[in-house]
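**Q** Mind folding the following:
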Amino acid sequence: MATSAATAATTPAMPSALTFTIAARCSTSKARAAVLTLPHGALETPIFMPVATQASLKGLTPEQLEAAGCRLCLNNTYHLGLKPGQATLDAVGGAHRLQGWRHNILTDSGGFQMVSLLELATVTEAGVEFLSPHDGTPMLLTPEHSIALQHSIGSDILMQLDDVIATTSPDAGRMRDAMDRSVRWLDRCIAEHLKPDPLAATAGASYAERQNLFCIIQGGLDLEMRKECCAAMVARDTPGIAIGGLSGGEEKEKYCAVVDTCTSLLPDHKPRYVMGVGYPEDLLVSVALGADMFDCVWGTRTARFGNAITSRGVLNLRSASFATDFSPVDPECLCPVCAPKDSPPRAPLNATLGPASYEDAGAAGEAGGYSGCGMGVTRAYIHHLAAKETAGAHLLTLHNVSYLLHLMAQARAAVVADAYPRFLRETFAGWYGGDKGRFPTWAVEALRGVGVDLLADDDN
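**A** Alright, predicted model coming up:
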């Protein structure tokens, strides 16, 4: 890594188009609450980012996504580069206009497709050659092209192209090659990102004035390699830092060790993003380990299989046991799906600093144009729909996204109140029916490592 360190010393300073202000810290764990201000508005962390891979979150309109409290969603560079393509993105003025989204967008670089579409990909020092899943034609995704695509997308946060391999790979040599290559590719991404932006108000200003490049720490499950990569990436001084290459089937204990090790080495004043994390337990433990930002397709994907994420755990509403259950999907949830029938429209479910664009879109004399009245949807109705109608998947998607966003809002409130350990105990008790013997051992041990006793009595 000596060469990488030398390169970092000659890398030009990068402007930042974000501010990150820590508002509160947990006095026991590493959890923190902050305000992250991006070009399309401010938001509060910790935060979960729903994944709208192809500029669309399956089953939801942009208005519904706003109503759930989302102010930062994820698009994928690889998929948008294939379709609609860079020329169309340039013509329409970026992905915000393409999808009618006024809030922030983060774009994954396409590196993850090295794992998820490995049979279609070949990795070289130049970049990654994919075979298009649409027609089989080759597409070379270089670090420069990935960044150029993300410039055309206009994302508020863009990710470096990294060399990603599964954490479960036994090939330590390939893992080190991937880590070192990711650092070299970051230098190429930075050089591309610092080129003059033709849309800049000031002549000669770079893309970095309006878009934020995040680096991605690699190194598999080897903590020493992770430490090396942290040092190299931090030296490049990008506006934010991601921990990548996880959620690939590794043991949860090892996942936690990587997150805990990396967050301890990262700058305190920058946002920390753990990529590909979305299970509720993983989110809350990762917050305690010092992470701020998360994304995952699981919440929306599992909805399409009839699974509801609730305060009492994940419920498979396809089960016959719910055929005559006329209670809300989650009695403790306030999303439009779970709210009583015809209850008045609420403000966006989750506290946020970024106002919804629909709030001033009502007809004359109306406070706003969003018609998010309570639907009073029951478990029995979802059971009826789940195997027959797409509406069931749409309703559960809205509920699941709302639940995960609200879970992070609750976590933030607990950190601000310096009550995060109690919040963890109460939330896990809800998920596991109050049976501490069912709490995941990995979560108990990881939290104990940052001072939280998940098994303590509620009055502690």
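**Q** Could you use CA atoms for every contact and neighbour count after this?
**A** OK.
**Q** which intervals of this structure have sub-threshold pLDDT?
**A** 1-11, 113-120, 345-372, 459-460 (pLDDT under 70).
**Q** Okay, and the beta partners of the residue nearest the centre of it?
**A** Here the mean C-alpha position of the chain is nearest to the C-alpha of residue 295 (C-alpha atoms, centre = their mean), at a distance of 2.1 Å. Beta-bridge pairing for residue 295 (DSSP bridges): residue 49.
**Q** Surely it touches residue 279?
**A** No - counting by C-alpha atoms under 8 Å, residue 295 does not reach residue 279; the two are 9.8 Å apart.
**Q** which SS state does residue 35 fall under?
**A** strand (DSSP: H, G, I helix; E, B strand; the rest coil).
**Q** For it, name its beta-bridge partners.
**A** Beta-bridge partners of residue 35, as defined by DSSP bridges: residue 21, residue 44.
**Q** Can you report how many residues lie near it?
**A** 19 (other C-alpha atoms under 10 Å).
**Q** dump the residue contacts of it.
**A** Shown in contact with residue 35 (C-alpha atoms under 8 Å, 6 or more residues apart in numbering): 19-23, 42-45.
**Q** Give me the buried subset of those.
**A** 19-22, 42-45 (16 or more other C-alpha atoms under 10 Å).
**Q** now those in a markdown table, with distance to residue 168?
**A** Output for these, formatted as a markdown table (distance: C-alpha to C-alpha, whole Å):
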| residue | distance to residue 168 |
| --- | --- |
| 19 | 36 |
| 20 | 34 |
| 21 | 36 |
| 22 | 35 |
| 42 | 37 |
| 43 | 34 |
| 44 | 33 |
| 45 | 30 |
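**Q** Out of those, which is nearest to residue 70?
**A** residue 43 (9.1 Å; C-alpha to C-alpha).
**Q** Was I right to think that closest one contacts residue 37?
**A** Yes - the pair residue 43 and residue 37 passes the contact test of C-alpha under 8 Å, sitting 6.2 Å apart.
**Q** still on that earlier bit, tell me the contacts of the residue nearest to the centre of the chain?
**A** Contacts of residue 295 by C-alpha under 8 Å, 6+ apart are 48-51, 74, 274-278.
**Q** Switch these over to a markdown table; also include distance to residue 110.
**A** Listed next are those as a markdown table, based on distance: C-alpha to C-alpha, whole Å:
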| residue | distance to residue 110 |
| --- | --- |
| 48 | 20 |
| 49 | 17 |
| 50 | 17 |
| 51 | 14 |
| 74 | 12 |
| 274 | 16 |
| 275 | 13 |
| 276 | 13 |
| 277 | 17 |
| 278 | 19 |
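**Q** Tell me how far the residue nearest to residue 102 when sequence neighbours are not counted lies from residue 53.
**A** Leaving aside its chain neighbours, residue 102 sits nearest to residue 96 (6.3 Å; criterion: C-alpha to C-alpha, 6 or more residues apart in numbering). In this view, residue 96 and residue 53 are 13 Å apart by C-alpha to C-alpha, to the nearest Å.
**Q** just to revisit the earlier point, same list (the contacts of residue 35) but as a markdown table, adding distance to residue 374.
**A** Shown next, in a markdown table, are the contacts of residue 35 (distance: C-alpha to C-alpha, whole Å):
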| residue | distance to residue 374 |
| --- | --- |
| 19 | 36 |
| 20 | 35 |
| 21 | 35 |
| 22 | 35 |
| 23 | 33 |
| 42 | 27 |
| 43 | 25 |
| 44 | 26 |
| 45 | 27 |
